[in-house]
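# all I have is the shape, not the residue letters:
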């Protein structure tokens, strides 16, 4: 049993020792090449980044950040957006150490229960980039952040509107306030003019109306409205009767029923009007129908007299209310004048639109011409700038010599052209002389021939002279071309800047390739060490397995086997201590380098800050110098 326990301890220690932890390169960064590539994990990572970008965390698009920084930064951003505090600063702590990552993940996990997150998440899952378990938490956080942002957006919008309205106002509001009093006054006047007016009043001695319908009709009659049976009730009664009786009888009965209803309605109106008296303001106002109802007579004479009397009474009442009718007439006149003004303004608007279209067409043509002239001027300015840049960058002595050569070339071209013209003129003159001599004296052929030979000889001499001048011109052109090539070989500032940019890119590419090669070497060395340890472990296990049965055969061999196992365990412990010591040394070296790197980064930030301040001071100095120059000139 003791041997079995010792063997179990050996196997356990060997198995735990064979599990390698995270490997680091010379710069102290974790080698991410060793992580197992899982298709599902990559899909979930892509979905998480898309969710964060859709929610508004655009920092997840940066390719230089690691997945851990993107995911943790997005979760921290969502938590902060949901108005929950978390003590995290991710702005200048990218690619953190293992301790910083563990502390960061623990802070995030501790905040999730306070937010009542339905999904559970552990710190080692975030640190180990277990995107399958991180995805539902990020999805819930994004949803919560969007909801919180919408709520806060509505609240902030309402608050900002209320704060704005306390101290400021829009043009529409000012216009509304100016027109509000006038509009209210107009509405009150219109309502006073067209409000219902009571014409009759029920007498005190008249009996009380019991039926509700009669009370309604009585009230309407007091205000001059007459209502009888509705058409719907008539049609319903006639349709009921039609449904019961035959067709012919139904038509006759409908006529009789309508007459009876009208007669009953007239009788009821008469009875209601007998219990009413005219109001004090309506005294003397009588209509033909009221006279007929009261008196019970339907003669045309009484109606005509009553209508004439009503017209006179209305004229008298109109004289009593001149202000109301005057206001109405004034309102109609204003409407008519405004309509005339609208017509005049519309005609003026049409004329102005026609003029505007003509002016706009001419303006477009002039703009086109102006654009063409400006483009041509810009082209000339560019050409002049190029020439000035080339002239400023080139050597002054070479340029002076080049100008002299160009001037000489132009002078030679002018001389050549003049000489050709002179030769043509001389040749034409001589030919003309030859013709004249041939026509004048035919016997002087010998002299003419001799003279022609002289001319021919002079022509050959002049031709040779022209050939020499051409050779000289060609030599000068070649010298000019050589100088031009030498000038072109001198790089300009733009070319030097481009060369510098390309060299920097090449340097960055070489540095990236060198870093990748170093990572591959480190990975290879790590895997090689891992392979050696695994081979040692396999050999040890095989030797133990092969010698176990023989060692258990006798007590002496068993004791020897146990001593050997203890020696093996002691050797493994020593190796482990050495590796731990080496690991601690590497870790201390990595921390030291990381501190140096942070110091260098701080110096770099200070350098950029100092350069920015220096540029700002230079700009201020230039502005002050310009002001001094302007003051000195003035």
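Okay, I see it. Nothing here was measured: the structure is a model prediction, and the numbers come from that model.

# where does this protein have low pLDDT?
Scanning the chain for pLDDT under 70 picks out the ranges 1-38, 85-99, 204-207, 210, 224-259, 274-329, 394, 441-445, 448, 634.

# any idea which helix is longest in it?
helix 555-633 (DSSP state H).

# which helices and strands does that one pack with?
helix 2-18, helix 493-551 (3 or more Cβ pairs under 8 Å, 6 or more residues apart in numbering; DSSP states H and E). Any C-beta I mention is one placed from the backbone N, CA and C, and that applies to glycine too.

# what is the neighbour count of residue 48?
Around residue 48 there are 23 other residues, counting by other Cβ atoms under 10 Å.

# mind listing what it touches?
Contact partners of residue 48, counting by Cβ atoms under 8 Å, 6 or more residues apart in numbering, are 71, 74, 131, 134-135, 138.

# may I have the secondary structure class of it?
Secondary structure assignment for residue 48 (DSSP: H, G, I helix; E, B strand; the rest coil): helix.

# do residue 208 as well
coil.

# and the gap between it and residue 214?
10 Å (Cβ to Cβ, to the nearest Å).

# same question for residue 437.
Counting by Cβ to Cβ - residue 437 and residue 214 are separated by 150 Å.

# could you do residue 73 as well?
83 Å.

# more crowded one of residue 208 and residue 214?
When residue 208 and residue 214 are compared for neighbours, residue 214 comes out ahead with 13 against 6, by other Cβ under 10 Å.

# hang on, the more buried one packs against residue 221?
No - under the criterion of Cβ atoms under 8 Å, residue 214 makes no contact with residue 221, lying 10.3 Å away.

# list the residues that contact both of those two?
With Cβ under 8 Å, 6+ apart, residue 214 and residue 221 have common neighbours residue 272.

# you'd agree residue 197 is in a strand?
No - secondary structure of residue 197 (three-state DSSP): coil, not part of a strand.

# quick check: it touching residue 222?
No - taking Cβ under 8 Å as the definition, residue 197 is not a contact partner of residue 222, at 10.2 Å.

# more neighbours, these two?
Using other Cβ under 10 Å, the more surrounded residue of residue 197 and residue 222 is residue 222, with 17 against 10.

# the more buried one: what's it in contact with?
Contacts of residue 222 by Cβ under 8 Å, 6+ apart are 198-202, 276.

# number of nearby residues for residue 50?
By other Cβ under 10 Å, the residues close to residue 50 number 11.

# what about it, distance to residue 431?
Residue 50 is 93 Å from residue 431, by Cβ to Cβ.

# residue 218: neighbour count?
That count, for residue 218 with other Cβ under 10 Å as the rule, works out to 20.

# what helix or strand is it on?
helix 212-222 (DSSP states H and E).

# try residue 378
Residue 378 is located in helix 322-393, with elements delineated by DSSP H and E.

# before we move on, back to that, show me the two of the contacts of residue 222 that sit farthest apart.
199 and 202 (12.0 Å; Cβ to Cβ).

# and residue 200, its phi and psi?
phi -130, psi 160 (degrees, to the nearest 10).

# against residue 522, how distant is it?
From residue 200 to residue 522 the distance is 112 Å (Cβ to Cβ).

# more neighbours: the two, which one.
residue 200 (19 against 16).

# quick check: beta-bridge partners of that one?
residue 278 (DSSP bridges).
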